[in-house]
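1. coords please:
(chains A and B)
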Amino acid sequence: QTVVTQEPSLTVSPGGTVTLTCASSTGPVTRDHFPNWFQQKPGQAPRAVIFSTNNKYTWTPGRFSGSLLGGKAALTLSGVQPEDEGDYYCLLFFGGSQLLFGGGTKLTVL
Amino acid sequence: EVQLVQSGAELKKSGESLKISCQAFGYNFPTSWIAWVRQMPGKGLELMGIIFPADSDTFYSPSFQGHVTISADISLATAYLQWSSLKASDSAIYYCARYDYGEPSQVDFWGQGTLVSVS
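-> The predicted structure follows:
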């Protein structure tokens, strides 16, 4: 059974830079997994921020960027703001009908 | 503007049936997949299954196969998630989301969530 793994928690200072990663138990994450990233704040629905590795939505803050890093998908926040605090989930695609979420990363801005 | 509007919170008892809905606005409903996602209290996101409304092609994640039924009515631009016999462990928030399969593949718009509480 495939497992998608993220860091359980990360802490970053305001104005700092942090990278969240997303790994697959089947091997390196590639562009063919079309990594998607979502931000979720308490009491809110998830919001998409990155699709297909590094593509932003019109509402995605410019300080968010996606990439592949060392066989993992990565979400980097540069110049972190207090409002970036929340849970972040990655989603990988393993063929049309198999989509798997990572366990999520709780990002604290402190 | 794309929107997914879900039905309201439900308070049910074990053994009861339930059907919640997700109505789509602002795009061609039949030609994008809809994903249903569970979030148990304090936990992460779990994909339950997906449906392609145009032909009702449906796939379930192994953990949910046989426990829920996903359906869609294109005349109402609405997708559904239903249980025939709820358990207390079904208490969670359920989200629908639009899933576009292709190059690229993306899950872009989400409903506001439906809270299901089972006692």
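
2. Spell out which parts of chain B neighbour chain A.
-> Residues of chain B lying close to chain A by C-beta under 8 Å from any C-beta of the partner chain are B:35, B:37, B:44-47, B:50, B:59, B:62, B:95, B:97, B:99, B:101, B:103-113. Backbone N, C-alpha and C define where each C-beta goes, glycine included.

3. Sitting in helices, which of these do you find?
-> Secondary structure from DSSP state H places none of the residues of chain B next to chain A in helices.

4. Is it possible to mark the buried ones in those residues?
-> B:35, B:37, B:44-47, B:50, B:59, B:95, B:97, B:99, B:101, B:105-111, B:113 (16 or more other C-beta atoms under 10 Å in any protein chain shown).

5. from those residues, which ones fall inside strands?
-> B:35, B:37, B:45-47, B:50, B:59, B:95, B:97, B:99, B:106-110 (DSSP state E).

6. Relative to chain A, which residue of chain B is the closest?
-> residue B:104 (3.2 Å; C-beta to the nearest C-beta).

7. Test my guess that that residue contacts residue A:52.
-> Yes. Residue B:104 lies in contact with residue A:52 (C-beta atoms under 8 Å); the separation is 3.2 Å.

8. Pull up the overlap in contacts between those two.
-> Here residue B:104 and residue A:52 have residue A:34 as joint contacts, going by C-beta atoms under 8 Å, 6 or more residues apart in numbering or on different chains.

9. Relative to residue B:47, how far out is residue B:62?
-> Between residue B:62 and residue B:47 the computed distance is 11 Å (C-beta to C-beta, to the nearest Å).

10. Correction: the previous question concerned residue A:61.
-> In terms of C-beta to C-beta, residue A:61 sits 26 Å off from residue B:47.

11. partner residues bridging residue A:55?
-> residue A:51 (DSSP bridges).

12. pLDDT score for it?
-> Note for residue A:55: predicted pLDDT of 96.
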